[in-house]
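A.B. asks: all I have is the shape, not the residue letters:
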C-alpha cells in the first residue's frame, strides 16, 4: 500500500469518498433504480463496460491476458438500503464515531481529520463498502485470472438477485462461476470468514376439537408444552463450530385455540434458527420434526392423536445458510494483511482492522459458499453506543473508506498478480 495516508490515489482517477458522498444522497430504500444508474454511469465514465442482468444485478468484468491461469475473483455487495432514507451529512465525528483515534501529525498540519465521518442511510451498509469495491475494481489490472464486480439489488429483502447470479433460481442457465468472493459489508476492516445462517419454520400441531367439559379430543395447545421442550433441548450435545460457536433455536411466536370452552384442534409455533455448517434448511426442518414427534411420544393422554408437521416459511429465494472459510486461505490473508497495512497508512488506531473473525449477521455471502468467501468493509454494525447499520445514526469514518479501497486493490493485485 504505497498510497497517500490522507487520500486515495490510483491510476483510475476514482475517488471513493466523493463517490460515497454522492451515493448516500441517493434514496435506495424503495427502489434501487437511481442508485443502479449512478453506478453504471460511474463505470462508464471510467471505461469499464457493465451490464444489468439477473433480476437487476450490475456486472462488470476485467479479464487478464491469461484468464484460465488464475482464479476468478468476485467483488460483491448490494445497492439497496433499509427504510427510511436518512439524509447525507459529512462532519467531524462525535463520541464513539471517533473510534479511539488520537490526533496525528497529519491532523496538526491541517490535513483531513481522522475523525471525519459520513453519515446517512447506506453510509456503512453498504455504500461505504461499495465505494471501496468500486475503487479496487477500477484500479485493478489482473495479470492472470479474472475479476468481476457483481452488485445485487435486494440483499435487505429476499436476495433474489444474488440467488439468480448463483443459479439458485429456476431458469438461470449461466450462473456466476466465481472461485473467490469478497463481499462488502461493514466489518470494521476485519476479514470475516464465517457467518451463521438464518432459517424460519413453523411447528404445526394438529389435534381434534371437543367440548372442554368432556374428557375427549386431542389438545394441540397442550401438546405445545412437549414441542417447546423439544425446541429447548434440540441442540443438547451439539458440537460448537470452531468459528461460529453453537447453533441457536428460539421459539418466537405461538398461536392456537379458537374458543375458550373448546379443546383446541390446532396450534402453531414459529421458530427462528441460527445455523452453523454443515446444517441445511431442509436438514434442520426434518430433524426438528423428528424431535417434536419423539417428545410427544410419551405425552399425557389428552394429547394422544396430535399430529406434527414442520414447514419452512415460504420465500422466493433460498434461505441464507451458514458459511465458513478456512482462516488460513490465501484470500483471507490477502484481505486481512492488506487491511492492517492500509489502516496503518491512513492513521487508524493499531487495533482497528485486519482481525480474522466471524461476521455478526446473515448476508448474501451464504450463496457463494462453499467457494472461499470473505466479508469485508469499512464501518460497523454497532459501536459502544448501540446500533450503527440500519440505525438513524448510521455513519462511516472517511479514513476507513480510504483504507478499505486500498485493501481491495491490494488484495486483487495479490490474488491476480504474477506468481
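C.D. replies: Received the coordinates, thanks. Please read these numbers as outputs of a predicted model, since none were measured by experiment.
A.B. asks: would you check that residue 280 makes contact with residue 320?
C.D. replies: No - look at residue 280 against residue 320 with Cβ atoms under 8 Å: they stay out of range, at 11.7 Å. Every C-beta, even on glycine, is put in place using the N, C-alpha and C of the backbone.
A.B. asks: if you count surrounding residues, which of the two has more?
C.D. replies: residue 320 (24 against 16; other Cβ atoms under 10 Å).
A.B. asks: my guess is the more buried one contacts residue 196. True?
C.D. replies: No - Residue 320 is beyond contact range of residue 196, at 9.1 Å (criterion: Cβ under 8 Å).
A.B. asks: joint contacts of the two?
C.D. replies: residue 362 (Cβ atoms under 8 Å, 6 or more residues apart in numbering).
A.B. asks: can you confirm residue 415 is in a helix?
C.D. replies: Yes - Residue 415: assigned to a helix according to DSSP: H, G, I helix; E, B strand; the rest coil.
A.B. asks: return the residues in contact with it.
C.D. replies: 70-71, 73, 145, 180, 330-331, 334.
A.B. asks: how about the strands of the stretch 201-350 of the chain, start to end?
C.D. replies: 210-211, 248-256, 262-263, 266-275, 307-312, 323-324 (DSSP state E, counting those that start in this stretch).
A.B. asks: quickly list the domain ranges of this structure.
C.D. replies: When the chain is parsed with the TED database, its domains come out as 16-100+112-195+322-416, 197-312.
A.B. asks: show the end-to-end separation of the shortest one, please.
C.D. replies: Across its full length, domain 197-312 reaches 14 Å between end residues, using Cα to Cα, to the nearest Å.
A.B. asks: go on, stretch 336-353?
C.D. replies: First residue to last in stretch 336-353 (Cα to Cα) measures 8 Å.
A.B. asks: winner for burial among the domains of the chain?
C.D. replies: Ranked by mean neighbour count, the domains of the chain are led by domain 16-100+112-195+322-416 with a mean of 21 (mean count of other Cβ atoms under 10 Å).
A.B. asks: so how far is that one off the chain centroid?
C.D. replies: 10 Å (Cα atoms, centre = their mean, to the nearest Å).
A.B. asks: out of the strands of the stretch 201-350 of the chain, which is closest to residue 14?
C.D. replies: strand 323-324 (30.2 Å; Cβ to Cβ).
A.B. asks: who's in contact with residue 262?
C.D. replies: Per Cβ under 8 Å, 6+ apart, neighbours of residue 262: 209-212.
A.B. asks: my error: substitute residue 382 in the last question.
C.D. replies: By Cβ under 8 Å, 6+ apart, the neighbours of residue 382 are 388-389.
A.B. asks: tell me the phi and psi of it?
C.D. replies: phi -160, psi 160 (degrees, to the nearest 10).
A.B. asks: look up how far residue 234 lies from residue 251.
C.D. replies: Separation of residue 251 from residue 234 (Cβ to Cβ, to the nearest Å): 10 Å.
A.B. asks: between these two, what contacts are shared?
C.D. replies: What both residue 251 and residue 234 touch, as defined by Cβ under 8 Å, 6+ apart, is an empty set.
A.B. asks: three-state assignment of the closest residue to residue 273 other than its chain neighbours?
C.D. replies: Nearest residue to residue 273, sequence neighbours excluded (Cβ to Cβ, 6 or more residues apart in numbering): residue 199, at 4.1 Å. Three-state call for residue 199 (three-state DSSP): strand.
A.B. asks: how about JSON lines for the domains of the chain, with mean pLDDT added?
C.D. replies: As requested, those are exported to JSON lines (pLDDT from 0 to 100):
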{"stretch": "domain 16-100+112-195+322-416", "mean pLDDT": "93"}
{"stretch": "domain 197-312", "mean pLDDT": "94"}
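A.B. asks: leaving out the residues flanking it, which one is nearest to residue 248?
C.D. replies: residue 274 (4.3 Å).
A.B. asks: residue 279 contacts residue 322, correct?
C.D. replies: Yes - with contact defined as Cβ under 8 Å, residue 279 counts as touching residue 322 (6.8 Å).
A.B. asks: joint contacts of these two?
C.D. replies: residue 197.
A.B. asks: let me see the ranges of the helices in the stretch 1-150 of the chain.
C.D. replies: 16-25, 33-45, 105-108, 127-139 (DSSP state H, counting those that start in this stretch).
A.B. asks: residues in contact with the second one: which ones?
C.D. replies: Identification of contacts with helix 33-45 by Cβ under 8 Å, 6+ apart yields 14, 19, 22-23, 26-28, 49-50, 52, 56, 58, 60, 79-80, 130, 134, 138, 149, 151, 153.
A.B. asks: let's go with 7 Å and repeat that
C.D. replies: Residues outside helix 33-45 that contact it (Cβ atoms under 7 Å, 6 or more residues apart in numbering) are 19, 22-23, 26, 28, 50, 52, 56, 58, 60, 79, 134, 151, 153.
A.B. asks: reformat the residues you listed as CSV; add distance to residue 188.
C.D. replies: Formatted as CSV, the contacts of helix 33-45 follow (distance: Cβ to Cβ, whole Å):
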residue, distance to residue 188
19, 21
22, 24
23, 20
26, 25
28, 23
50, 29
52, 31
56, 29
58, 26
60, 27
79, 22
134, 20
151, 22
153, 26
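A.B. asks: out of the residues you listed, which comes closest to residue 306?
C.D. replies: residue 153 (43.8 Å).
A.B. asks: check contacts around the closest one.
C.D. replies: Residue 153 touches 32, 36, 55-57, 79-80, 161, counting by Cβ under 7 Å, 6+ apart.
A.B. asks: cool, and residue 275?
C.D. replies: Per Cβ under 7 Å, 6+ apart, neighbours of residue 275: 196-197, 199, 247, 284, 321-322.
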